[in-house]
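> Sequence and predicted structure are below.
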Amino acid sequence: MIQSQEAIRQCLSELFAEAKLKVSDKDLNRMVAMVIENQAAGERVRRLVARYDEPAFGFPSRRRI
Amino acid sequence: MTEELCFLTITEAARRLRGGEFSPVALTEAFLERIEAINPKIDAYLLVTGDQALEAAQQAEKELSAGRDRGPLHGIPIALKDNIETAGIRTTAHSRILLDHVPEADAAVVEKLQQSGAVILGKLACLEFAHGAPSTNQAFPPARNPWDRDRGFTGGSSTGSGAAVAAGLAMAALGTDTGGSIRNPAALCGTAGLMPTYGRVSRRGVIPYSFSLDCCGPLAWTVKDCALVLGAIAGFDPADPGSADLQVPDFTSQLEHGVAGLKIGVLRHFFEEDMVADPEMIASIDAALEVLGSQGAKVSDARAGPLADYHDVKTLVGEAEFFAAHEADWLARANDFGASLQLRTAEGALIGAVDYLHAQRARRHLAAEMDQMFDSFDVLITATVLDPAPPMPRDARGPKARKPNLTQPFNVAGVPALSVCTGFNEAGLPLAMQIAARAFDETTLLRVGHTYERAAPYRDRRPEL
């Protein structure tokens, strides 16, 4: 699910605060851009998967573990 | 004499050890002497285990004298990337987080090297947790490329492994590879480097980057030496859920069979369309293909999916799994991570479960497509890297622009891939090509690499240090 830029910023800020990291606005902007790029990658991967006929995908049979 | 011994191949050293020309102790002493003299110039080693190495060499000497021969690595000095755990010896993964980490047990590959009689010289630099980038706030300096130690990057993440082998500070080194971390430093440092098939070599005791992508394999001066090391470390391990329960073949058995009749597919679109490689790199690969063609291989162009598809899958899977592996340390001690990983680690936390799952689904299809290509070709060849060694990156806090690289497709597909030196550019920096084969067919992969290496004149040149 694509999140808004503001929601991503909020989420990252909370995460960095929990990790006790001080992050400049510039670095935070770069991280937001990276998360947005990863979400775009997620969208592309969904389109890629949709191209294939996939009868099943799941946890491997216990016999294969 | 020291330099002469340290620049021998494993094959040649093993022959001369058995001929009584020198002993394992003399060989190990030569390496320790050279490490002391050269390592301060390139920082390949984080820790030299000289006493343990000499003890192992003495043991090898006794055994060989008594006629107990453990095989081609017996008495051969080898070093380990520092994300490979060693019992009683500090293992840091080049991170402040693990400065006090002294494992109780050896990694599976270390046990296997010891069983083969290898002499372990020490622990090698890498990118932090096999994923970060060099930065000045780290506990150790970055390894430097012996071909251009003032400014050249070794490639990563097995930085010290590439540097040590090229500089004659180890006859071979183990590295790990999640998106190219064996093959990139092999290419930029002018060595051979082999990422085995996913599951061929146990990761038990290897500090993880990505559970479903990580592989462990050798870097050595020659392809044949990589085959010898792979033979020692390969094999099923029930303690590694990714380990494949298969017989280990003799990886050297077909090295001298040549390439006549083999079908070679060239993934030219990877380095001429999807991304554009340096002209000297392309020229060196074309020259290498001519060599293989002149040896009787049938060379033609091949086409896989676009590099970007593999890159998306590798990024989503790798970053999410990296966070899963390192979340607790990052939350507790983020300020102790190097500048690069301090911020970048967080991106994995924000990759959605659904995106991760779709990436794993896509991965299965991309792997199946690549398997199909091996119905038409015995091996695939492409570039390993786009450019020769770039300047050392420094203090890149947080994310940097990411581009698809040429090594990731074979991690995503889980097939073996080998980087081989294809010469040097005008500035004297190494060039390379990458050869990939179907899953578990390292034997053919090594055969092609060895045939090329024997026909090309690039194994006589070493960096001046």
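Noted; the coordinates are in hand.
> Could you check which helix or strand contains B:Pro185?
According to DSSP states H and E, B:Pro185 maps onto helix B:183-189.
> what packs against that helix?
Here helix B:183-189 touches helix B:159-166, strand B:192-195, strand B:417-424, strand B:430-437, going by 3 or more CB pairs under 8 Å, 6 or more residues apart in numbering or on different chains; DSSP states H and E. Glycine gets a C-beta too; all of them are placed from N, C-alpha and C.
> which residues are contacting the second one?
Okay, so that is strand B:192-195. B:158, B:162, B:175, B:177, B:182-183, B:185-187, B:215, B:217-223, B:225-226, B:230, B:407, B:410-411, B:416-421, B:442, B:445-446, B:449, B:453 (CB atoms under 8 Å, 6 or more residues apart in numbering or on different chains).
> partners of that strand, with directions?
strand B:215-220 (antiparallel), strand B:417-424 (antiparallel) (DSSP bridges).
> what's in contact with the last one?
Residues lying outside strand B:417-424 but in contact with it, judged by CB under 8 Å, 6+ apart, are B:182-184, B:186-187, B:190-195, B:223, B:226, B:284-285, B:287-288, B:384, B:407, B:410, B:430-437, B:445-446, B:449, B:452-453, B:456, B:458-459, B:461.
> Please apply the same query to stretch B:61-70.
Looking at what lies outside stretch B:61-70 - CB under 8 Å, 6+ apart - the contacts are B:17-18, B:23-25, B:60, B:74-75, B:115-117.
> what about the strands in the stretch 51-200 of chain B?
B:77-81, B:119-124, B:172-177, B:192-195 (DSSP state E, counting those that start in this stretch).
> pLDDT (mean, whole number) over the last one?
What it means is strand B:192-195. Averaging pLDDT along strand B:192-195 gives 98.
> before we move on, back to that, of the helices and strands packed on helix B:183-189, which is nearest B:Arg394?
Between B:Arg394 and the helices and strands packed on helix B:183-189, the tightest spacing by CB to CB is seen for helix B:159-166, at 13.7 Å.
> Just the closest residue of the stretch 251-400 of chain B to chain A, please.
Using CB to the nearest CB, B:Asp355 is the residue of the stretch 251-400 of chain B that sits closest to chain A, at 3.2 Å.
> And the residue of chain A closest to chain B?
Counting by CB to the nearest CB, chain A gets nearest chain B through A:Gly42, at 3.2 Å.
> Tell me the one of the contacts of stretch B:61-70 nearest B:Pro134?
After measuring these against B:Pro134 - CB to CB - the closest member comes out as B:Ser116, at 32.6 Å.
> so how far is chain A from that closest one?
According to CB to the nearest CB, to the nearest Å, B:Ser116 stands 30 Å off from chain A.
> as a whole number, average confidence for the strand or helix carrying B:Thr444?
If you go by DSSP H and E, B:Thr444 is part of helix B:442-455. For helix B:442-455, mean pLDDT is 98.
> Can I take it that B:Leu47 is in a strand?
Yes - applying DSSP: H, G, I helix; E, B strand; the rest coil, one finds B:Leu47 inside a strand.
> of all the residues in chain A, which ones are close to chain B?
A:1, A:8, A:11-12, A:15-16, A:18-21, A:23, A:27, A:30-31, A:33-35, A:37-39, A:41-42, A:44-46, A:48-49, A:52, A:54, A:57, A:65 (CB under 8 Å from any CB of the partner chain).
> Would you show me how to pick out the buried ones of these in ChimeraX?
To isolate the buried members of the residues of chain A next to chain B in ChimeraX, using 16 or more other CB atoms under 10 Å in any protein chain shown:
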select /A:8,11,12,15,16,19,21,23,27,30,31,34,35,37,38,39,41,42,44,45,48,49
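> I'd like to know which of the residues of chain A next to chain B are part of helices.
Of the residues of chain A next to chain B, the ones assigned to helices by DSSP state H are A:8, A:11-12, A:15-16, A:18, A:27, A:30-31, A:33-35, A:37-39, A:41-42, A:44-46, A:48-49.
> that older thread, what is the burial count for the residue of the stretch 251-400 of chain B closest to chain A?
Neighbours of B:Asp355 under the rule other CB atoms under 10 Å in any protein chain shown: 23.
> what sits against it?
A:38-39, A:41-42, A:45-46, B:316.
> Make a markdown table out of the residues you listed and add distance to B:Pro388 and pLDDT.
A markdown table is the format used below for those (distance: CB to CB, whole Å; pLDDT from 0 to 100):
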| residue | distance to B:Pro388 | pLDDT |
| --- | --- | --- |
| A:Asn38 | 30 | 96 |
| A:Gln39 | 34 | 95 |
| A:Ala41 | 29 | 96 |
| A:Gly42 | 34 | 97 |
| A:Val45 | 32 | 97 |
| A:Arg46 | 37 | 95 |
| B:Leu316 | 30 | 98 |
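> Stretch B:426-433 - what's its average pLDDT?
97.
> no wait, stretch B:120-128
Mean predicted lDDT for stretch B:120-128 stands at 98.
> One more: stretch B:198-215?
97.
> pLDDT score for residue 64?
Here I'm looking at chain A. pLDDT at A:Arg64 comes out at 57.
> wrong one, I was asking about chain B
pLDDT for B:Leu64: 96.
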